[in-house]
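> Give the three-dimensional model of this entry:
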Amino acid sequence: MKPLCSIPLFLFLLFSLTSTNRAARSIEAEALVQWKATLYQPSSLSSWSTINGTSPCTWYGVQCDSTGNTVRISLPNSNLNGTLNALNFSSFPNLVSLNLNNNSLQGSIPSNISTLTKLTSLDLGLNYFENSVPHQIGMLTELVDLRLCHNYLVGPVPHQLSRLKKIQQFDIGANLLTNPDYSIFSGMPALKYLSLYQNALAGFFPPFILNCTNLVYLDLSENEFNGLLPDNLSTYLPQLKYLNLTQNSFTGTVPVSLKNFKNLTDLRLGTNNFFGGIPQWIGSIARLEILELYNNSLGGPIPSVLWKLKLLKRIDLMLADLNSTIPPELGRCANLEYLMLLGNQLTGGFPKSFVNLTKMGEFVIADNLLCGEIPSFVFTNWPDLISFQVENNSFTGKIPSEIGLAKKLHVLSLSGNNLTGEIPFEIGNLSSLYALDVSMNLLSGPIFVPFRHDRSCSWNFSFMPAMQYLFLSDNFLNGNIPSFCKINSLIVLDLSRNQLSGELPKCLWEMKNLKTLGLESNNFSGNIPISRGRMPPLQSIHLANNSLTGEFPYALKKCSDLTILDLGINYFSGEIPEWVGYSFPSLKIFSLRWNSFNGKIPPLNGLKKLQLLDFSHNNLTGRIPLSVGNLTSMTVLHNNIGFETYFDFIIHYESMSIMWKGYEFSYKENILFVSGIDFSSNSLTQELPRELTSLIGLLFLNLSGNHLSGQIPEKIGDLRQLEFLDLSNNEISGMIPTSIGNLGFLSVLNLSYNNLYGEIPTGNQMQTLDNPLNYAGNEGLCGFPLAKACSVDEPPTQDQSLPDDNEEKIDNILFYGFIVFGFAFGFWSFFGVLFFNKKWRWNYFYFIDSMQQKISEKF
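Reported below is the predicted structural model:
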């Protein structure tokens, strides 16, 4: 009978347990629904609802155990946006795993997360959490896996985290964390994976790591560590397979103790201060697959013992001051897939043994002193080759025709060598190629290169669907532009500085993705064709130094994204249309120099981002528009001017030739820091607008060779960044403002041939501008550096330099009249030829510039 008595008790306990579980599930469900209500449009959590019951076990991302308790919440990549403040962690006493990786969660990590006492895995990485890491996480004693990487956490790493004795994976990389108190930060004996990369950790190698004796993976890269590496690193960390110390300031020689790592497969020591060469013992780390020593001051040769590393897949010795030949023994590393030797002083030729590197995928030996021919086996024996970069060496010979066999090739860069012959037509077979650079060589012939079986064809551009960047500049290519328009994916086309001719094809202005067009310094002629369709998203146009004619191209009005527009040194004519001043809101560089534009300079109100403006050597008239004061990019210091950098120079192609301190310079990357205006050699009149003095970011201002009058603005001294100021050959009068002495960077000043008078200001930078020619042709000027001293009793006035007698005035008029007549006759007899003969014109002005330089050096 006793067993029968126990049945009600059993049923009662069963009912109580069921009721308890049901209540627990209800609490968990309610906690999750309340948190969901605080998130922004949590569409991924649509199943989270208590309408059809109170159990969350079937909800998205929620997993329960056999009794119905929530044990895992896994919501990575779920587009969650909000905070964790409303999530009641105490409602989940049985939770063992919480994964919220790669969402948009923000705010602080709540300290009450410590109530998840059974938690073994916590992943909050790739979010926007900020403030400090709560030290209460150190109370989660069951934690095995902790990931807080890629957030915005700040402050010291809490020493309490070192109490997690069961922790095996610890990742707090890519935050803004600083050093913990190492004196109370103990070792974590179970730890296998430690990532502290990309923080603000500093000082010597963290001592607690030496007590993490089971470490397999260690990443301290992108911090501020310094000093020597511990000599006994391999003794304390015998299991280590991955060691990454990249981008710190560790110094000394590469520690010899590293050779004792028996399991090391990945060694990354790039961008530190190591020196003393690549040690010979490196060949004894038998399991090594990845070796990175780049951007150190190692010096010495590439050791031939690297051939012993039979498993080696990746070698990066870029920028390591190496100065040997490439050892042919490397050809025995049959598993090598990646070889980066860029930016050293390597000499000699291409090792023949490299024919055996049949797994090679990325090969970069650019910026060295290598020579010889490029072997054809590169393209026949390396079937997996995707990147071949040998630019800026001294390779000679022709581009191998076998290049067409490298079907997987994505990047081919042969620029800056001495390659000759024609561009092989087989390149047209590279359907995966998206970047081709053969610029700065000695290549010749037309870009049209016939196929062997069809001499009516050129490169088969329709079979280059991936091509985005095409650089053929600085060669001796001739003929017309082929039909690049079939390459719809093209973003950059650079054919500049060749001998190409003919008219520009209309389809160039119809390419769907073209952003940069470089055609300068060729022999193109004719008008810019007008496109009636949609213009490409052009950001940079370089047409300078050709023989293009016609009015300002109307087709450009649709190019609202333009950043650089260079039409200089052509035969364009007519007026500059007013729509130029408002159609290019992003324009930073604008050059129309050496053309035949006439009329007034249009209002420039809409060019607020303009940084370089060159309208020199035209026939412009009228006054300098007051709207120059609206060029707001010139009103900030030049080192604060920002550029959208796309592949830095590869898309935007930041390049521009400007007259700078009497010489022509071609600026590339450093053009980001140049700001100036050149209106010289026109027929501009009236006074200098005061608005010019608000452009405090100007480095150069050239208004010479006009008919400007009035006085130099008193606030000219506000242009404190100015290095070059040329107001010569105008009709400017009055005294030189004393504020000009505030121009502390001024190194070139030319005020010659005006009507200036009075004492030349002294002090500061003016004392270094001691060439009297800078002030020649101003009869009323006196003082240093002129030989004419100023009168103490009576200051010179403008009237003192002018004749008073009417008869003398008449004589002077007749005298100067005959001079003008003779000058005009002689001028057009000589300069008329220069006007119609471009080659003579350039030779003449080159001669004049050379003579001017010699005279200035003499004096």
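
> for the stretch 1-150 of the chain, which spans come out with low pLDDT?
Scanning the stretch 1-150 of the chain for pLDDT under 70 picks out 1-25, 52.

> Please repeat the previous calculation with a cut-off of 80.
Scanning the stretch 1-150 of the chain for pLDDT under 80 picks out 1-25, 52-54.

> the strands in it, which residues?
With DSSP state E, counting those that start in this stretch as the criterion, the stretch 1-150 of the chain has strands at 62-64, 70-74, 81-82, 97-99, 104-107, 121-123, 128-132, 145-147.

> nearest to Cys782, of those strands?
Closest of the strands of the stretch 1-150 of the chain to Cys782 is strand 128-132, at 66.0 Å (criterion: CB to CB). (Each C-beta comes from the backbone N, C-alpha and C, glycine too.)

> Within the sheet, what are the partner strands of the closest one, with directions?
strand 104-107 (parallel), strand 152-156 (parallel) (DSSP bridges).

> Can you lay out these as JSON lines showing distance to Ser413?
Formatted as JSON lines, the strands paired with strand 128-132 follow (distance: least, CB to CB, whole Å):
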{"stretch": "strand 104-107", "distance to Ser413": "39"}
{"stretch": "strand 152-156", "distance to Ser413": "37"}
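
> So which of these is nearest Tyr582?
Comparison of the strands paired with strand 128-132 against Tyr582 by CB to CB identifies strand 104-107 as nearest, at 38.5 Å.

> What residues sit buried inside that closest one?
Leu105 (16 or more other CB atoms under 10 Å).

> quick one: contacts of that strand?
Contacts to strand 104-107, defined as CB atoms under 8 Å, 6 or more residues apart in numbering, come from residues 79-85, 124, 127-131.

> Apply the buried test to those residues and list what passes.
Buried among the contacts of strand 104-107 by 16+ other CB under 10 Å: 80, 82-84, 124, 127, 129.

> how about those residues, which pair is most distant?
Largest separation among the buried ones among the contacts of strand 104-107 by CB to CB: Gly82 and Leu124, giving 13.3 Å.

> In terms of distance to Asp219, which of the buried ones among the contacts of strand 104-107 ranks first?
For the buried ones among the contacts of strand 104-107, the nearest to Asp219 is Leu124 (18.5 Å; CB to CB).

> Quick check: the gap between that closest one and Phe208.
Distance, Leu124 to Phe208, using CB to CB, to the nearest Å: 23 Å.

> can you check Glu337 too?
Counting by CB to CB - Glu337 and Phe208 are separated by 36 Å.

> same question, Thr621
76 Å.

> So which of the two has more stuff around it?
Phe208 (18 against 15; other CB atoms under 10 Å).

> Now do the SS call for that one.
helix (DSSP: H, G, I helix; E, B strand; the rest coil).

> what's the span of stretch 602-621 from first residue to last?
Using CA to CA, to the nearest Å, one end of stretch 602-621 lies 11 Å from the other.

> that older thread, so which of the strands of the stretch 1-150 of the chain gets nearest Ser249?
Closest to Ser249 of these is strand 128-132 (CB to CB; 25.7 Å).

> and that closest one, how far from the chain's centre?
Distance of strand 128-132 from its chain centroid, counting by CA atoms, centre = their mean, to the nearest Å, is 29 Å.

> now swap in stretch 760-772 and tell me
Going by CA atoms, centre = their mean, where stretch 760-772 is centred and where its chain is centred differ by 39 Å.

> and what of stretch 94-106?
Distance of stretch 94-106 from the chain centroid (CA atoms, centre = their mean) equals 35 Å.

> Would you mark the buried spots in that stretch?
Those would be 94-103, 105, for stretch 94-106 by 16+ other CB under 10 Å.

> Between all of those residues, which two are separated the most?
Pairwise over the buried residues of stretch 94-106, using CB to CB, the maximum falls at Asn94 and Asn102, 25.3 Å.

> that older thread, could you point out which of the strands paired with strand 128-132 sits nearest Asn429?
Of all these, strand 104-107 sits nearest to Asn429, with 45.3 Å by CB to CB.

> Alpha carbons of that closest one, as CSV, please.
Presented in CSV, the C-alpha positions along strand 104-107 are these (Å, rounded to 0.1, in the frame of the first residue of the first chain):
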residue,chain,number,x,y,z
SER,A,104,24.8,47.6,-34.9
LEU,A,105,24.5,47.4,-31.1
GLN,A,106,25.9,50.4,-29.2
GLY,A,107,26.2,52.0,-25.8
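
> Thanks again, I'm all set now.
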